[in-house]
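*Asks:* I would like to see how this sequence folds:
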Amino acid sequence: MIRPLPAAALSQLSAQAYVDLRCPGLPLAVYREICAHLRQCADVRADILAQSATAFDYSQSQAGGLRLSSTSNMDGVWQQVEAILQHYGARYGPWELVDS
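*Replies:* Model prediction:
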């Protein structure tokens, strides 16, 4: 199930938790760029999720989304993560929270 990303979704993460996000149509290269930016934030882990579609579609991304997690309680860092996601969301479209 996919739903819009709530404004405070990231700040509610606790240690060892993760959140899966996606931005439909976002190119794989941009997902890689976002991961590189997010990994520069202290204790943030960002991984690209595999695409789950069974048929190739040029209008869809080759990535399934991002998985964000942390290794500590990072109250101040999540603001930086949200700013990065908002920057790309403003350019490529809104982020959606993916329920695993």
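*Asks:* I'd guessed L21 sits against G64; true?
*Replies:* No. At 10.3 Å, L21 does not count as touching G64 under the criterion of Cβ atoms under 8 Å. Every C-beta, even on glycine, is put in place using the N, C-alpha and C of the backbone.
*Asks:* More neighbours: those two, which one.
*Replies:* In terms of neighbours (other Cβ atoms under 10 Å), L21 is the more surrounded of L21 and G64; the figures are 21 against 17.
*Asks:* would you put the C-alpha positions of the helix or strand harbouring the more buried one in PDB?
*Replies:* L21 belongs to strand 18-22 when elements are defined using DSSP states H and E. Included here for strand 18-22 are C-alpha records, laid out as PDB according to Å, rounded to 0.1, in the frame of the first residue of the first chain:
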ATOM      1  CA  TYR A  18      13.400   2.200   8.800                       C
ATOM      2  CA  VAL A  19      11.000   3.800   6.400                       C
ATOM      3  CA  ASP A  20      10.500   3.000   2.700                       C
ATOM      4  CA  LEU A  21       9.800   5.900   0.400                       C
ATOM      5  CA  ARG A  22       9.300   6.300  -3.300                       C
END
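*Asks:* rewinding a little: any common contacting residues for L21 and G64?
*Replies:* With contacts taken as Cβ atoms under 8 Å, 6 or more residues apart in numbering, L21 and G64 have V98 as neighbours in common.
*Asks:* follow-up on the earlier one: would you give the sheet partners of the strand holding L21, along with the direction of each?
*Replies:* Looking at strand 18-22 with DSSP bridges, its partner strands are strand 63-70 (antiparallel), strand 96-98 (antiparallel).
*Asks:* which element follows that strand toward the C-terminus?
*Replies:* Taking DSSP H and E as the definition, the helix or strand that follows strand 18-22 towards the C-terminus is helix 28-38.
*Asks:* what's the angle between that next one and strand 63-70?
*Replies:* Angular relation of helix 28-38 and strand 63-70 on a 0 to 180 degree scale: 10 degrees, by axes from the mean of the first three to the mean of the last three Cα atoms, to 10 degrees.
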